[in-house]
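K.L.:
predicted model and sequence below, questions to follow.
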Amino acid sequence: MSRDKSEFVSDLAIDLQNVVKVYRRRVRALDGVTMQVHKGEVFGLLGPNGAGKSTLIKIMMTVIRKYKAQGTVLGRPVGDKSTLAKVGYLPEHHRFPSYLTGRQVLTFYAAMTKVPAGIRNKRADELLEVVGMKEWGKTKVSQYSKGMLQRVGLAQAMMNDPELVLLDEPTDGVDPVGRRDIRDILIRLREEGKTVFLNSHLLSELEMVCDRVAILVDGTVRTQGTLDDLTRESRRYEITIAGQSPEWIAEFSGVKTASVEPGKSLLVMSGAEPEPVQPLIDRLRAEGRTIVAVQPRRESLEDLFLRAVGDGEGNDHSNNVKAGGKA
């Protein structure tokens, strides 16, 4: 007897194929998005305003209707309602009833996801402590700052002990200490085997916590993968030495030179492996040259992002109709 495809075990928490969303007036917010997120990883979605990031998350959460989508979320077809009980969600610009306390917000949303009453109160107390809001649990959310609302929002997304957590700008309005705390929580979720999918404009935050990323531009995925894979071609070693670069440097394949500041020179060798750099360093030492620094370098996530966005401008493959302000 043949088995349904959904019955086969997959290591993908999210497997999207050709997701399209068209709004009124033929505004194409998503134009054939294909994206894979592995179980147990922190996956970052980035892109400029209007790229379609929030629209993609809302389709997975069935907040808005898809125009066309194939693929699965937690092994079930996109839009399957039963799957949502296993998903935690923090929307962008979320709003909580102002008359509720932080603790009441958590128990209220837990009840909506059918968390048993006997578990709700205990879990609310535990998560308030996890997000650093234990002392504010009995205070109405109307008195919370933006950062405090984000912390409670993150706790709300974890109340149903989800397998997959979807976070739309979770660090928006959060101070540096709060961003560090949220980053630690995301790492903790990964260690527990949960999958985290987050959309953020803070590239430095994504770079520190994400296993893999995707860059969405004009409703299409420009690139996706691990940072190591995406920046492999840019990896290099930079050697700063005192004085002028030696005349014999041309004997070393793939080495470029430049002046960094008066009295110093920069030697740049392409490649990720350290072995080819050793003969160059040995020769510099043999000549008694002062080596100021040896540093491995690669593109930052910001560099990668700007390059991907730049590639989309004027590209023949970009959308004829932009996302019209839809995020």
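P.N.:
Received the coordinates, thanks. Residues are numbered from 1 along each chain as shown.
K.L.:
now the helix or strand hosting A157: mean pLDDT?
P.N.:
According to DSSP states H and E, A157 maps onto helix 146-158. Throughout helix 146-158, pLDDT has a mean value of 94.
K.L.:
elements contacting it?
P.N.:
Under the contact criterion of 3 or more CB pairs under 8 Å, 6 or more residues apart in numbering; DSSP states H and E, helix 146-158 touches strand 87-90, helix 102-112, helix 117-130, strand 164-168, helix 176-191. Glycine gets a C-beta too; all of them are placed from N, C-alpha and C.
K.L.:
so what are the sheet partners of the fourth one and their directions?
P.N.:
Strand 164-168 has the following strand partners under DSSP bridges: strand 87-90 (parallel), strand 195-199 (parallel).
K.L.:
now the angle from the last one to helix 176-191?
P.N.:
Here strand 195-199 points in a direction 140 degrees away from that of helix 176-191 (axes from the mean of the first three to the mean of the last three CA atoms, to 10 degrees).
K.L.:
ok, residues contacting strand 195-199?
P.N.:
13-14, 37-46, 53-54, 57, 92, 163-170, 186, 189-190, 206, 210 (CB atoms under 8 Å, 6 or more residues apart in numbering).
K.L.:
quick one, strands of the chain?
P.N.:
12-23, 27-38, 42-46, 68-73, 76-77, 87-90, 164-168, 195-199, 212-217, 220-225, 236-242, 255-261, 264-270, 291-297 (DSSP state E).
K.L.:
out of those strands, which gets the lowest mean score?
P.N.:
Among these, strand 255-261 carries the lowest mean pLDDT (a mean of 84).
K.L.:
domains in the protein, by residue range?
P.N.:
Domain segmentation of the chain under automatic domain parsing yields 8-227, 236-297.
K.L.:
minimum distance to R307: which of those domains has it?
P.N.:
domain 8-227 (9.1 Å; CB to CB).
K.L.:
and the closest one, how far from the chain's centre?
P.N.:
11 Å (CA atoms, centre = their mean, to the nearest Å).
K.L.:
D303 is nearest to which of the domains of the chain?
P.N.:
Proximity to D303 (CB to CB) singles out domain 8-227 among the domains of the chain, at 9.5 Å.
K.L.:
from L167, how far out is I14?
P.N.:
Counting by CB to CB, to the nearest Å, the separation of I14 from L167 is 13 Å.
K.L.:
what about those two, which has more around it?
P.N.:
Ranked by neighbour count (other CB atoms under 10 Å), I14 and L167 place L167 first, with 25 against 21.
K.L.:
excluding chain neighbours, what is closest to the more buried one?
P.N.:
Distances taken as CB to CB, 6 or more residues apart in numbering place L198 nearest to L167, at 4.2 Å, with adjacent residues excluded.
K.L.:
that neighbour: how many residues sit nearby?
P.N.:
The number of residues near L198, taken as other CB under 10 Å, comes to 26.
K.L.:
quick one on the thing from earlier: for the strands paired with strand 164-168, give me CSV that also has distance to P296.
P.N.:
Shown next, in CSV, are the strands paired with strand 164-168 (distance: least, CB to CB, whole Å):
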stretch, distance to P296
strand 87-90, 36
strand 195-199, 27
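K.L.:
deepest of those strands, which one?
P.N.:
strand 195-199 (a mean of 25; mean count of other CB atoms under 10 Å).
K.L.:
and it with strand 27-38, angle?
P.N.:
150 degrees.
K.L.:
send me strand 195-199 as CSV with only the CA atoms.
P.N.:
This file holds the C-alpha atoms of strand 195-199, laid out as CSV (Å, rounded to 0.1, in the frame of the first residue of the first chain):
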residue,chain,number,x,y,z
THR,A,195,13.0,25.4,15.2
VAL,A,196,13.1,29.2,15.2
PHE,A,197,12.2,31.2,12.1
LEU,A,198,12.8,34.9,12.6
ASN,A,199,12.5,38.0,10.5
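K.L.:
now the angle from it to strand 42-46?
P.N.:
If you take the same axes, to 10 degrees, strand 195-199 sits at 20 degrees to strand 42-46.
K.L.:
report the central residue of this protein.
P.N.:
The centroid of the chain falls nearest to G44 when counting by CA atoms, centre = their mean (1.5 Å).
K.L.:
about what we covered before: and of the domains of the chain, who's closest to V309?
P.N.:
With CB to CB as the yardstick, what comes closest out of the domains of the chain is domain 8-227 (5.7 Å).
K.L.:
tally of neighbours for the closest residue to G193 other than its chain neighbours?
P.N.:
Counting by CB to CB, 6+ apart, G40 is the residue found nearest to G193 once chain neighbours are left out, at 5.1 Å. Around G40 there are 17 other residues, counting by other CB under 10 Å.
K.L.:
same question for A69.
P.N.:
20.
K.L.:
that one contacts L16, doesn't it?
P.N.:
Yes. The pair A69 and L16 passes the contact test of CB atoms under 8 Å, sitting 6.9 Å apart.
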